[in-house]
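In: I need the structure of the sequence given here:
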Amino acid sequence: MPEFDELASSRRAWIAEVLQPWCRQAPLAELKKAELDWADLAGRVDPLATLWTWAWSRFPVLVHEGLSGVDEAHEVTATLADGSIIRGYPDGRRSLRGELVLLCASPDTPDASAEQGPYSIDVIVDVKRT
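Out: Next up, the predicted model:
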């Protein structure tokens, strides 16, 4: 019978080698299914800090190591599957459950921002820092 330390190490390896990579490539519908059973899959951890942060890490500029959710610090340019390009600052409070919301400068009032989105993680092809 394995020792507890071996079990804990095996669990950490499974999370790092199986669960995190799965989150980085799973479609939105599957991520939402996983969220329902997240406590059974990942333990008592916040899905925002794990599942959704790992899902967004498929676009490295949207996450910051050590912080949960979408990083709001930098303007980004997102390319969608239909070829559309959207530029703005990610809104971490509104970018929930696999849907990205960007705040863009309003052409009418440069001091104000217009909300763009939400855009499903499934339709986002690429995200680069602007």
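In: read off the pLDDT value for the spatially most central residue of the chain.
Out: Taking CA atoms, centre = their mean, the centroid of the chain lies closest to residue 56, which sits 2.2 Å from it. As summarised for this prediction, residue 56 has a pLDDT of 97.
In: show me the shaky parts of this protein.
Out: Residue ranges of the chain with pLDDT under 70: 106-112.
In: look up how far residue 8 lies from the residue nearest to the centre of the chain.
Out: Shown here: residue 56 relative to residue 8, a distance of 27 Å by CB to CB, to the nearest Å. No exception for glycine: its C-beta is placed from N, CA and C like everyone else's.
In: same check on residue 28?
Out: Per CB to CB, residue 28 is found 31 Å from residue 8.
In: now residue 31, what's its secondary structure?
Out: helix (DSSP: H, G, I helix; E, B strand; the rest coil).
In: what does the one 3 residues further on give?
Out: Per three-state DSSP, the secondary structure class of residue 34 is helix.
In: follow-up on the earlier one: residue 28 and residue 8: which has the busier surroundings?
Out: Neighbours were counted for residue 28 and for residue 8 using other CB atoms under 10 Å; residue 28 has more, 15 against 11.
In: surely the more buried one and residue 119 touch.
Out: No. Counting by CB atoms under 8 Å, residue 28 does not reach residue 119; the two are 10.7 Å apart.
In: the chain: strands as residue ranges?
Out: Using DSSP state E, the strands of the chain run over residues 76-80, 85-90, 99-105, 113-120, 124-129.
In: if we can go back for a sec, and the nearest residue to the residue nearest to the centre of the chain once chain neighbours are set aside, how close does it get to residue 21?
Out: Of all residues not flanking residue 56 in the chain, residue 62 sits nearest, at 4.7 Å (CB to CB, 6 or more residues apart in numbering). Separation of residue 62 from residue 21 (CB to CB) stands at 17 Å.
In: try residue 1
Out: From residue 1 to residue 21 the distance is 29 Å (CB to CB).
In: what does residue 49 give?
Out: Separation of residue 49 from residue 21 (CB to CB) stands at 17 Å.
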